Structures are given as C-alpha cells and as structure tokens.
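Enquirer: build me a structure from this.
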Amino acid sequence: MFSRNPMRTRPLLSILLVASSACITERGPFANRMAHSATSYLARAARQPVSWQPWGREAFALAAKLDRPVLLYVGSDACRWCAETDRAIYTDPEIGALINALFVPVRVDRDERPDVAQRYQASVATMAGLRGWPLTVFLTPDGAAFFGGTYFPADDPITGRGLKQILPDVAKSYRDRRAFIVQHAALVRQLALAGAGVGRGVLQADRIQPEVVAARAALDEAVRTRVAVGSVMHAEAASLLISEFARRGDSASLVVARRALDLLIDSEAVASGPPPGAPEDPPRLVRAALLRGLAKGWVVTGEARYRDAGRALARSLAKDVADPGDRAVFADQEAYIIEAVILSAATLGEAAAERRARGALDGLLQRMYARGWGVRHAVAGSAQVGGGGLLQDQVQVAGACVAAYQVGGDARYLAVARDLASLLETSYADPLGGYYDAAAADPTAPALADRTKQVFDDILPGANAWTARVLLRLAEATGDAAYRRRAEAALEAFAGGVDGAGVRASTFLGAAREILASRVTPP
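Expert: So this is what the prediction gives:
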C-alpha cells in the first residue's frame, strides 16, 4: 500500500524533523502528556522522546488542526513485546522526531481502555490478518484505521517494514493519496464491524457440534506448539472440553483438555513466558482461567495433581485479590478472578480462599458499584470509558455475585446480580439482538459512533457469550425462565457468525451446549 523511496536522504530528513517537532512543542499543546496518567504502564512513557497524548477528543482535534494522521499505540504491562518496543524503539530520538513531526501520537493502556483495544484489534485483524500485542495503528483524524499491525522493528531497510521506513511512507501516502486513504479507512471500519461474529442464527446441535470439534483441534495444535501457554482463551477451551466429556462422554475432548491443563501446570501458568507468536494475556487472568479448568478436571477425573495444583492456585489468587497493593484495579479482570476463586475454592475444599475472595468482592462492590447505575471500569482517578460503562464490567461482576450467592447463600449478592441484569436491558441491549460493548457510543471521534458487540474470547471471555452464561446462572438461582430466554436470544444474535472461530468461540459454545441441554425434557 505504501511505496518507498530508496534515495531518501535520512540525515537531512532527521534534522528537519527535529526542528519541526521543536517548533510545535514550543507553542505548547504538543508535548508528552503521560506523566500524570493513572496507570504505571502509561506513566513510564513520560520520559520517552515521543509526544504521547492521552486517548480523548483533544488528541483527535489536534490531528485535525495539524492535518495529520494519528499514530495509535496500544500496549500493556503483561505484554513482553510492548516492553521491548518501549526499550528499543520509543527511546530512539530519531523515531521520536519522525513521529512528532508527522503524526499525533496517542498511547493507550489495553487494560485501562479495553473498548479501544478491542475495536482497533478488530481493525488490524481485518487489514493485516494479525492478532496480538502491541497494536500499532494509523488513524484518520476522525478515528478510522487505515494501516497498522502489531510489533514493528525500529529499522529494516531491506524489507521496508521498520518504523524508520514506514513512518515517512505512511505520512506521504496520507498527504498524497488522501481520497484513497479515506475510502480505504471507511471500508476497514465497515468490514471490522461486520466481522465481529455478529450474524443471527438458530442454536442447533448439528451446527454447534462441528464447532466444538474445530475448537478441540485448534487447542490440540496450540498445545503441540506451546501457543496455549499464556492465553485465557486456550484455558477456557480446556474447560469447554472437560464439560464436553462430563456431558457427552467425549473421551477425545478429555484427552486434549488434559494435555492443555498439564502444559499450563508445568509452565506454572506462564511463569516462564509464552513462545514467540503466542498470546500474552495478563498472567493473573491466565491463572484464574487455569484454576477453573483444574477444578473441573479434578471433579471429572479425580486426578490428585489437578486438586493439589488447584488448591495452591486458589490460595495464591485469593491473596492477590484480597490485597491489590498499588496495582491498578479494573472491575472486569478483578471480578473474573474473584469468581474463579469462589467457585473453584468451594469445589476444592479451600474454605479460607473462598472467604477471602468473597471479601475482595465486597470491597470491589463498595468501590465500583452503585445500584441502578452499574459498575465503573476503574477506581477514581483512572480514565473512564468514553461510552459511559462497559458490558464486560457489568457481566463479570454479576457473574462473581451469582457465584458468591450460590456458594454462600447471601441474598445481597443475588440482588446485585439481578440489578446488573436489569441494567443490561436498559443500557446495553441491541433491539436487533445481543448486547453492545458499551452503554453509549464513544464521543472521542466521529468514526467511533458505531457501537460494537463482542462474542469471541480474547484476554477475557467474549462479553456477549459471558452475558449468556451469567443469565443462565441467574435462571438457575432464581427459577425465572425469562433469564434463560434472554440468554438464548443473546446467543442466537451471533449463532450465524461463529463458524471457524476455533478456541475463540469456547465460551459461546459452552453456553450454547447448556441451552441445548435445557431443551431436552427428561422422560
């Protein structure tokens, strides 16, 4: 898409770029603004020579004013390639000068703004067929992506894929081929929205079964290549396959699930780090997903190794959520871990860990939940999501509350879960089916006016798939069949779009299996 000029005189260009960047900075509005960020990942970038801007209207308004594209960089503390990028690339004065002179750079913490991360991960997958972190995406000033990828090296003059080659070429193409860029960005936006798994269909066993088989094959391959290390979605896939064995006697699924659990135990849940090309999810989340699988695995197989590893993991995670220390706390991630500990500790006989997790849930509700208003993504002082609240926060907290009620019988947890389930209908429901990722559109830029819906697993289970799971648990806890009907309707909003998703559809497939099983009337 972008051409290179081999006769470019780089030393002269660098001098001109540094001078240009300095002039802009002297006028005031274009300086590195990461120093007062709420997360340590962003704050550490304050000393980089890149004039990073926080995600928000001001950055896009500045891009429009300067008539430049936006360079969006999304990373996280859990991503080793993000750390490598910061160490080797964004400390380079020449790259900093190129960026400051040609773009408006915006830096986002994936965990603080998962809505932004998911939206542009879909764009990069559409444009380049890539998934992973960090994300490096070039946007028009209205927020539409037109070029991007994951990790780019600093310099690669042979292939032209280094940032020192790409940055000038992208800026030149944006300047000289504006009409094409705008048209291309609009197409990417349309395709990314259409490819989010949204496609109505009817839940039928003959359509779900092949997808379970495909997920099993994908997990088997991921285990063989060790890609499954460090990934929530692979750990969730193992849980799906254990349930397949428990429900249907599928021994092939159990064999693959056990291989995955054994790999994750032996790697101590990514303690040694995943191999190149493997997903890199927050280790705490991977350990929570593994804990869920170990508890299921012990119940199904009676394997003492799973029980012992699960007990140790439950104690460790319970301590972690009970005492977060100075780390940033995000409601969706914290609630996912809390639920895993509550249910697994109760299963494995770790009463103390279960009590600590319920205490952590109490603290989370006190800080981040308000009746009738729902759950905020982060504590005060952290950037709030542009759409006024995230579906993932509501359903993860609701799921943790249902688990606490099921284990301990305290009705106040059930009341919170029912309140959040009601909020889903008033603030997140799409009249055409499913639930939007955010309560409202992001006002940051015009291209963000489309509300998205996610069903596939990523660093957390897919929000719509988990919503269906929570609604099914509420139906069990309350005897109210309306929750089950809502769960089925949520899944059917995506049932026509999950073909070929592999392990990414694990949570959807598990919830679909429950719906199909509930249709069978015992004799």
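Enquirer: and Ala145, its phi and psi?
Expert: phi -80, psi 140 (degrees, to the nearest 10).
Enquirer: model confidence over stretch 138-150, on average?
Expert: Over the span of stretch 138-150, the pLDDT mean works out to 96.
Enquirer: endpoints of stretch 147-160, how far apart?
Expert: Stretch 147-160 has an end-to-end distance of 15 Å (C-alpha to C-alpha, to the nearest Å).
Enquirer: pull the residues that contact it.
Expert: 1-2, 4, 72, 81, 84-85, 88-89, 92, 95, 120, 123-124, 127-128, 130-138, 161-166, 169-170 (C-beta atoms under 8 Å, 6 or more residues apart in numbering). In short, each C-beta sits where N, CA and C put it, glycine included.
Enquirer: ok, stretch 57-69 next?
Expert: Looking at what lies outside stretch 57-69 - C-beta under 8 Å, 6+ apart - the contacts are 24, 29-30, 53, 70, 102-104, 106, 138-143, 146, 170-171, 174, 443-445.
Enquirer: using CSV, write out every CA atom in that stretch.
Expert: Below are the C-alpha coordinates for stretch 57-69, written out as CSV (Å, rounded to 0.1, in the frame of the first residue of the first chain):
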residue,chain,number,x,y,z
ARG,A,57,-11.1,14.4,21.9
GLU,A,58,-8.2,16.7,22.3
ALA,A,59,-5.8,14.4,20.5
PHE,A,60,-8.1,13.9,17.5
ALA,A,61,-8.9,17.7,17.4
LEU,A,62,-5.2,18.3,17.3
ALA,A,63,-4.7,15.9,14.5
ALA,A,64,-7.5,17.6,12.5
LYS,A,65,-6.0,21.0,13.2
LEU,A,66,-2.5,19.9,12.1
ASP,A,67,-3.9,17.9,9.2
ARG,A,68,-2.0,14.8,10.3
PRO,A,69,-2.9,11.1,10.9
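Enquirer: and that stretch, which residues are buried?
Expert: Residues 59-60, 62-63, 68-69 are the ones in stretch 57-69 that count as buried (16 or more other C-beta atoms under 10 Å).
Enquirer: which of the residues you listed sits closest to Asp281?
Expert: Taking C-beta to C-beta as the measure, Asp281 lies nearest Ala59 of the buried residues of stretch 57-69, at 27.3 Å.
Enquirer: could you report the distance from the spatially closest residue to the closest one that is not a sequence neighbour to Tyr73?
Expert: The shortest distance from Ala59 to any non-neighbouring residue, by C-beta to C-beta, 6 or more residues apart in numbering, is to Gln53 (4.0 Å). The gap separating Gln53 from Tyr73 is 11 Å, by C-beta to C-beta, to the nearest Å.
Enquirer: hey, what's in contact with both of those two?
Expert: Common neighbours of Gln53 and Tyr73 (C-beta under 8 Å, 6+ apart) are 105-107.
Enquirer: which ones among those residues lie within strands?
Expert: Using DSSP state E, 105-107 are the members of the shared contacts of Gln53 and Tyr73 that sit in strands.
Enquirer: ok, these vs Leu414, which is closest?
Expert: Nearest to Leu414 among these: Arg107, at 40.7 Å, using C-beta to C-beta.
Enquirer: give the bridge partners for the closest one, please.
Expert: Tyr73 (DSSP bridges).
Enquirer: quick one: the helices in the stretch 101-250 of the chain, in order.
Expert: 114-128, 163-176, 178-194, 205-224, 232-248 (DSSP state H, counting those that start in this stretch).
Enquirer: ranking the ones you listed by burial, who's on top?
Expert: Among these, the stretch with the highest mean neighbour count (mean count of other C-beta atoms under 10 Å) is helix 232-248, at a mean of 25.
Enquirer: quick revisit: can I get the helices of the stretch 101-250 of the chain in TSV including mean pLDDT and distance to Arg292?
Expert: Shown next, in TSV, are the helices of the stretch 101-250 of the chain (pLDDT from 0 to 100; distance: least, C-beta to C-beta, whole Å):
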stretch	mean pLDDT	distance to Arg292
helix 114-128	93	20
helix 163-176	95	39
helix 178-194	91	30
helix 205-224	95	15
helix 232-248	95	5
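Enquirer: Gly297: which of these is closest?
Expert: helix 232-248 (5.7 Å).
Enquirer: after that closest one comes which helix or strand?
Expert: Using DSSP states H and E, the helix or strand that follows helix 232-248 in sequence is helix 251-266.
Enquirer: circling back: for the ones in strands among the shared contacts of Gln53 and Tyr73, please prepare JSON lines with the additional fields pLDDT, distance to Val286 and neighbour count.
Expert: Putting these into JSON lines (pLDDT from 0 to 100; distance: C-beta to C-beta, whole Å; neighbours: other C-beta atoms under 10 Å) gives the following:
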{"residue": "Pro105", "pLDDT": "98", "distance to Val286": "30", "neighbour count": "24"}
{"residue": "Val106", "pLDDT": "98", "distance to Val286": "28", "neighbour count": "25"}
{"residue": "Arg107", "pLDDT": "97", "distance to Val286": "25", "neighbour count": "25"}
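Enquirer: closest one of those to Asp220?
Expert: Closest to Asp220, out of all of those and judged by C-beta to C-beta, is Arg107, at 37.8 Å.
Enquirer: correct me, but that closest one touches Gln48?
Expert: No: the criterion here is C-beta atoms under 8 Å, and Arg107 misses it with Gln48 at 9.0 Å.
Enquirer: shared neighbours, those two?
Expert: In contact with both Arg107 and Gln48: Met34, using C-beta under 8 Å, 6+ apart.
Enquirer: just give the closest residue to Ile459, not the sequence neighbours.
Expert: Leaving out its chain neighbours, the residue that sits closest to Ile459 by C-beta to C-beta, 6+ apart is Asp281, at 4.4 Å.
Enquirer: where does that neighbour fall, secondary structure wise?
Expert: Applying DSSP H and E as the criterion places Asp281 outside every helix and strand.
Enquirer: can you redo the helices of the stretch 101-250 of the chain as JSON lines with distance to Gly372?
Expert: Listed next are the helices of the stretch 101-250 of the chain as JSON lines, based on distance: least, C-beta to C-beta, whole Å:
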{"stretch": "helix 114-128", "distance to Gly372": "22"}
{"stretch": "helix 163-176", "distance to Gly372": "45"}
{"stretch": "helix 178-194", "distance to Gly372": "31"}
{"stretch": "helix 205-224", "distance to Gly372": "36"}
{"stretch": "helix 232-248", "distance to Gly372": "31"}
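Enquirer: and of these, who's closest to Asp320?
Expert: Across the helices of the stretch 101-250 of the chain, closest to Asp320 is helix 232-248 (C-beta to C-beta), at 16.0 Å.
Enquirer: tilt between the closest one and helix 251-266?
Expert: With axes from the mean of the first three to the mean of the last three C-alpha atoms, to 10 degrees defining the directions, helix 232-248 sits at 140 degrees from helix 251-266.
Enquirer: what is helix 232-248 packed up against?
Expert: helix 205-224, helix 251-266, helix 283-301, helix 506-519 (3 or more C-beta pairs under 8 Å, 6 or more residues apart in numbering; DSSP states H and E).
Enquirer: out of those, which is closest to Ala468?
Expert: Judging the helices and strands packed on helix 232-248 by C-beta to C-beta, what sits closest to Ala468 is helix 506-519, at 4.3 Å.
Enquirer: ok, and what's touching that closest one?
Expert: 203-205, 208, 211-212, 215, 233, 236-237, 239-240, 243-244, 247, 455-457, 461-462, 464-466, 468-469, 472, 484, 487-488, 491, 494-495, 498, 501.
Enquirer: repeat that with 6 Å
Expert: Helix 506-519 has contacts (C-beta atoms under 6 Å, 6 or more residues apart in numbering) with 203, 205, 208, 211-212, 215, 236-237, 240, 455, 457, 461-462, 465-466, 468-469, 472, 488, 491, 498.
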